[in-house]
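K.L.:
this is a predicted model, with the sequence first.
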Amino acid sequence: MTAAPPMTAIVDDAEWLAHRYDPGHDAFHFRRVARTARADVPFLTDLHLGEESAPVILRRTDCRDAAAGARAPLHFLFHSAYCASTMLAQALDRPGLATSLSEPVLLNDMVGWRRRGASPRDHARVMDDALTMLGRGFTRGEAVVVKPSNIFNPLARGALMLRPQARAILLHAPLRAFLLSVARKGMWCRLWCRELLEGYLADGFVQLGFEARDYFRQSDLQVAAVGWLAQQQAFAALLDWAPDRIASLDSEILTRDPVAAVAAAMGHFGLADGSTATADHPALGRNSKSGMPFAVGERQRDLAAAETAYGEEIAQVVGWAEAVADQAGIPLAPPAPLLTR
């Protein structure tokens, strides 16, 4: 078995991904993941990277001390699910300019620890160090764009407060497109929407006027719509809180003209102009989950097929959700768009 490098060598090398946080021992777990390997998987999870049987475990405070000094620019891509966020994150990975992290498990650990009762003070301290560990570029001056899982959205504002120089994009699918994606993905996706809502309720993230028993009376797609509405409500609040740092992006605009959207995203994050060679980026020509090539308009065709199969049910849920949004004062299209139609 090869001995692990010294701690400073691990902290200084972005290939050592800060993968997990163990609150019992106040330690970070690191695993080595090359940049090319990150580009080959949709998410930085054990399911896609493979199990790591021997992570390098370092005390959090030692990691913080070893990383003291200049930080790489750190930015965020928050999303509401089923909105081509993985494609956008992968397209923003440009050696020398930026590296992207797609749904690192370390931030999921921050969510779980907070739900289990971590004090706000302790949580903020560890979150600060977690962001430092994630915000390590492969080259000097290289920015880091983090795309958390959308279970992290209740913590988005806190993360932005810890990094006042960070900018963010709020990527969302329009309500109807979101529900079409949920419907066509079947039972497991509908169950995932219920699990997402369960977590959001535990986080106090849902402020729509429902009582707890109301959710038992809602259909799967109504539950999915409630989760979507909670995220739209939070996105609107974030845009109102820091309009100079945050922009929204519609997934249909992104998929219709990904070259323009990636260029606009790079401009928003203060990176070099993305117009050069953006169209040739491999992320724009493949399915971000399977890695298989796809044709232009594939997403729209999939949604049209779902419309044929589930259109009547979705129309009813959209009408219901629009009434809920109107009563709660939630904009169906967030303000401050990065691009317009």
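P.N.:
Ah, there it is.
K.L.:
helices along the stretch 201-341 of the chain, start to end?
P.N.:
220-241, 251-256, 258-268, 298-328 (DSSP state H, counting those that start in this stretch).
K.L.:
what about the shortest one, average pLDDT?
P.N.:
The one in question is helix 251-256. Averaged across helix 251-256, pLDDT comes to 91.
K.L.:
just checking, what packs against it?
P.N.:
helix 85-91, strand 168-172 (3 or more Cβ pairs under 8 Å, 6 or more residues apart in numbering; DSSP states H and E). For glycine as for every other residue, the C-beta is placed from the backbone atoms N, C-alpha and C.
K.L.:
show me which positions of that helix end up buried.
P.N.:
Buried residues in helix 251-256, counted by 16 or more other Cβ atoms under 10 Å: Ser251, Glu252, Ile253, Leu254, Thr255, Arg256.
K.L.:
same question, stretch 72-89
P.N.:
72-89.
K.L.:
may I have that stretch as CSV, with CA atoms only?
P.N.:
Taking Å, rounded to 0.1, in the frame of the first residue of the first chain, the C-alpha atoms of stretch 72-89 are listed here in CSV:
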residue,chain,number,x,y,z
ALA,A,72,-9.0,30.9,-5.8
PRO,A,73,-12.1,32.8,-7.0
LEU,A,74,-15.1,30.7,-6.1
HIS,A,75,-18.5,30.9,-7.7
PHE,A,76,-21.7,28.9,-7.5
LEU,A,77,-24.2,27.3,-9.9
PHE,A,78,-27.4,26.7,-8.0
HIS,A,79,-30.2,24.9,-9.7
SER,A,80,-33.7,23.5,-9.4
ALA,A,81,-33.1,20.1,-11.0
TYR,A,82,-33.8,18.8,-14.5
CYS,A,83,-32.5,22.0,-16.1
ALA,A,84,-29.2,20.9,-17.9
SER,A,85,-27.1,22.1,-14.9
THR,A,86,-24.6,19.3,-15.3
MET,A,87,-24.0,20.2,-18.9
LEU,A,88,-23.4,23.9,-18.0
ALA,A,89,-21.1,23.0,-15.2
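K.L.:
that stretch: how far from the chain's middle?
P.N.:
5 Å (Cα atoms, centre = their mean, to the nearest Å).
K.L.:
could you give the mean pLDDT of it?
P.N.:
Rounded mean pLDDT across stretch 72-89 is 94.
K.L.:
any stretches of the chain with poor pLDDT?
P.N.:
Residues of the chain that meet the criterion pLDDT under 70 lie in 1-4, 70, 273-277, 279, 282-283, 285-297, 299.
K.L.:
all strands for it, in order.
P.N.:
Using DSSP state E, the strands of the chain run over 16-22, 27-32, 56-59, 74-79, 98-102, 143-147, 168-172, 246-250.
K.L.:
what lies in contact with the third one?
P.N.:
It stands for strand 56-59. Strand 56-59 has contacts (Cβ atoms under 8 Å, 6 or more residues apart in numbering) with 4, 7, 10-11, 16, 22, 25-31.
K.L.:
report the buried members of these.
P.N.:
Buried among the contacts of strand 56-59 by 16+ other Cβ under 10 Å: Ala4, Met7, Ile10, Val11, Trp16, Ala27, Phe28, His29, Phe30, Arg31.
K.L.:
wait, which of the helices of the stretch 201-341 of the chain is closest to Leu338?
P.N.:
helix 258-268 (4.9 Å; Cβ to Cβ).
K.L.:
what's that closest one in contact with?
P.N.:
77, 84, 87-88, 91-92, 94, 97-98, 167, 169, 247, 249, 253-254, 272-275, 278-279, 281, 284, 338-339.
K.L.:
and the contacts of strand 56-59, which is closest to Val126?
P.N.:
Closest to Val126, out of all of these and judged by Cβ to Cβ, is Asp26, at 7.8 Å.
K.L.:
return the residues in contact with the closest residue to the closest one other than its chain neighbours.
P.N.:
Using Cβ to Cβ, 6 or more residues apart in numbering and skipping the chain neighbours, the partner closest in space to Asp26 is Arg60 (5.0 Å). Arg60 is in contact with Tyr21, Asp26, Ala27, Phe28, Val126, Asp129, counting by Cβ under 8 Å, 6+ apart.
K.L.:
the nearest residue to Asp302 once chain neighbours are set aside: how many residues sit nearby?
P.N.:
Closest residue in space to Asp302, ignoring its immediate chain neighbours: Arg184 at 6.6 Å, by Cβ to Cβ, 6+ apart. Using other Cβ atoms under 10 Å, Arg184 has 16 neighbouring residues.
K.L.:
go ahead and confirm Arg184 touches Ala309.
P.N.:
Yes. Taking contacts as Cβ atoms under 8 Å, Arg184 lies within contact range of Ala309: 7.2 Å.
K.L.:
what touches both of these two?
P.N.:
With Cβ under 8 Å, 6+ apart as the test, Arg184 and Ala309 reach no residue in common.
K.L.:
for Arg71, see how far away the closest residue in space to Arg64 that isn't next to it in sequence is.
P.N.:
Counting by Cβ to Cβ, 6+ apart, Arg64 lies nearest to Asp129, which is 4.8 Å off, once chain neighbours are set aside. From Asp129 over to Arg71 the distance is 12 Å, taken as Cβ to Cβ, to the nearest Å.
K.L.:
those two: which has the busier surroundings?
P.N.:
Neighbour comparison, Asp129 and Arg71: the larger count goes to Asp129, with 19 against 15 (by other Cβ under 10 Å).
K.L.:
for that one, give me its contacts.
P.N.:
Asp129 neighbours (Cβ under 8 Å, 6+ apart): Phe28, Arg60, Cys63, Arg64.
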